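Asker: The sequence and its predicted three-dimensional model are supplied below.
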Amino acid sequence: MPTGANVHSSPAVAANAEGEEIEVLESTEVLPAAPEDWKSLFDKYDPESSGFISTERFRDLLEAHGSELDPHKLEVLLALADGNADGKICYQDFVNLMSNKRSNSFRRAILQGSRQLKSSSLREEVGLGLSQRLVRHVAYETLPREVDRKWYFDSYTYCPPPWLILAITIAEMVVFVYYGLQLDRWVLQVSSPSFLKSPLPYHPQRRAQAWRYLSYIFMHAGIEHLGLNMAMQLLVGVPLEMVHGAARIGLIYLCGVLAGSLAVSVADMTAPVVGSSGGVYALVSAHLANVVMNWSGMKCQFKLFRMAMALVCMSVEFGRAVWLRFYPPAFPPCPNPSFVAHLGGVVVGLTLGVVVLQNYEQRLQEQSLFWIFFCVYALFVFCGIFWNIFAYSLLDVKLPPAP
């Protein structure tokens, strides 16, 4: 629960008349959490050792331990017991229900409930502190289902904070300022003869230095390049990290970064790469696709206008990159940085990124679509590595001189 938050007095579950929307609030008070404790408790109400307990016995269990449960959680479980179509609960469902484990089986169990409990929308909650209002705002920005918004609102604690995107952004700023002072140039730094001598940007003559396929994100062509990337990275990346966590957002970001540099090495073989656009475009594309796919459920304000503005920003940045690529280079024959990394990031965002963002609080390893896209991505990386090892010599590509 967010810092300083009070326990809500509103019920924890709500269902509409068709039973399509049910809201769950997580309780911090639970019965014994250890698996062996759950098993002994379950066996007590399953003397026949059938592996199932009836919903009537489940209600008896809840009434016996009701004082140990948060009233909201007790109400949730009673509703589920009343609405269970099978009339019995297996051990795994019992564990999922009692521990509020977020799984597909738990979602299905909730959707089977027919009892309607009254609850106000999260947007109607009053008396919230600043931190709580921020969490609520982020929930409506990123999550399409009220059940997930309330779940996130009650469980988010700001610990850990959204550190990954902030750390990457600060590092990019520090590197830019360092080279701005060193090169005495802030706009179109890439036109300086010393720009590509840094150990960070990707250069086809230095492709054997594997770190450059990732480290190029810390170098930018100029302040105009850095500014657009930072704006999109912070406005989209930080809220996504608050909801989905650093691991998932980092996965999308790094996959977009690596796909960007590999895409350049395959499709624009003579060009260098700088900027974090591969990772940024992966995040933004995944988020926009998630909004479009869940348009009716997304309740963020002015979503059409804001989506249009995001597309305009992406188009302006991409247009700048295309213009720069074909602008006569300051030091021929070395071309200006490529724009293909943007496209690599978009492809990652529309495939792997969408799957990650659509499965809030669900185990990704249980999602077959995630493994399909992840395997396709791994195959692309594998082929890209072999391409970089053999294709340049087989095709006799004439590369620009090393910086």
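Answerer: Arrived safely, thanks for sending.
Asker: Excluding sequence neighbours, find me the nearest residue to Gly297.
Answerer: Pro144 (3.4 Å; Cβ to Cβ, 6 or more residues apart in numbering). Just so you know, the C-beta spots here come from the backbone N, C-alpha and C atoms, and that holds for glycine as well.
Asker: Could you verify my assumption that the one you found touches Cys300?
Answerer: No - Pro144 lies out of contact with Cys300 (Cβ atoms under 8 Å); the separation is 9.8 Å.
Asker: So for those two, which residue has more residues nearby?
Answerer: More crowded of Pro144 and Cys300, by other Cβ atoms under 10 Å: Pro144, with 20 against 17.
Asker: From Phe382, how far out is the more buried one?
Answerer: The gap separating Pro144 from Phe382 is 34 Å, by Cβ to Cβ, to the nearest Å.
Asker: and what of His225?
Answerer: As judged by Cβ to Cβ, His225 and Phe382 stand 30 Å apart.
Asker: same check, this time on Leu350
Answerer: 21 Å.
Asker: Between these two, point out the one with more neighbours.
Answerer: A count of neighbours by other Cβ under 10 Å puts Leu350 above the other of Leu350 and Phe382, at 16 against 10.
Asker: list the contacts for the more buried one?
Answerer: Residues in contact with Leu350 (Cβ atoms under 8 Å, 6 or more residues apart in numbering) are Ser285, Ala286, Ala289.
Asker: Now it: phi and psi?
Answerer: phi -80, psi -10 (degrees, to the nearest 10).
Asker: count of residues packed around Ile385?
Answerer: Neighbours of Ile385 (other Cβ under 10 Å): 14.
Asker: now Pro335
Answerer: Residue crowding around Pro335 was assessed by other Cβ under 10 Å; the count is 19.
Asker: Need the pLDDT of the residue nearest to it when sequence neighbours are not counted.
Answerer: Leaving out its chain neighbours, the residue that sits closest to Pro335 by Cβ to Cβ, 6+ apart is Ala271, at 4.9 Å. Ala271 is assigned 93 on the pLDDT scale.
Asker: How about the secondary structure of Ala271?
Answerer: Following DSSP: H, G, I helix; E, B strand; the rest coil, we place Ala271 in the coil state.
Asker: which residues touch Pro400?
Answerer: Pro400 touches Pro204, Gln205, Thr270, Pro333, Cys334, Pro335, counting by Cβ under 8 Å, 6+ apart.
Asker: wouldn't the fourth one be in contact with Pro401 here?
Answerer: Yep, that's Pro333 we're talking about. Yes - using Cβ under 8 Å, Pro333 is in contact with Pro401, at 7.5 Å.
Asker: so where's the protein uncertain?
Answerer: 1-38, 62-63, 65-87, 92-120, 361 (pLDDT under 70).
Asker: wait, what's in contact with the residue nearest to Pro335?
Answerer: Pro204, Val264, Arg325, Pro335, Asn336, Pro337, Ser338, Val340.
Asker: and the gap between it and Ser261?
Answerer: 11 Å.
Asker: Ok, Met232 next?
Answerer: Applying Cβ to Cβ to Met232 and Ser261 gives a distance of 19 Å.
Asker: Which one of these two is surrounded by more residues?
Answerer: Ser261 (27 against 21).
Asker: Where does that one fall, secondary structure wise?
Answerer: helix 223-267 (DSSP states H and E).
Asker: picking up where we left off before, which of the contacts of Ala271 sits closest to Leu311?
Answerer: Taking Cβ to Cβ as the measure, Leu311 sits nearest to Val340 out of these, at 19.5 Å.
Asker: The closest one contacts Thr270, correct?
Answerer: No - contact criterion Cβ under 8 Å: Val340 and Thr270 do not qualify, at 11.7 Å.
Asker: ok, those two, which is more surrounded?
Answerer: Comparing Val340 with Thr270 by other Cβ under 10 Å, the one with more neighbours is Val340, at 23 against 17.
Asker: residue contacts, that one?
Answerer: Contacts of Val340 (Cβ under 8 Å, 6+ apart): Gly260, Ala263, Val264, Ala267, Asp268, Ala271.
Asker: which of those are buried?
Answerer: With burial judged by 16 or more other Cβ atoms under 10 Å, the buried subset of the contacts of Val340 is Gly260, Ala263, Val264, Asp268, Ala271.
Asker: give me the number of residues near the residue nearest to the first one when sequence neighbours are not counted?
Answerer: Which is Gly260. For Gly260, ignoring the flanking residues on the chain, the nearest one in space by Cβ to Cβ, 6+ apart is Gly278 at 2.5 Å. The number of residues packed near Gly278 is 32, by other Cβ under 10 Å.
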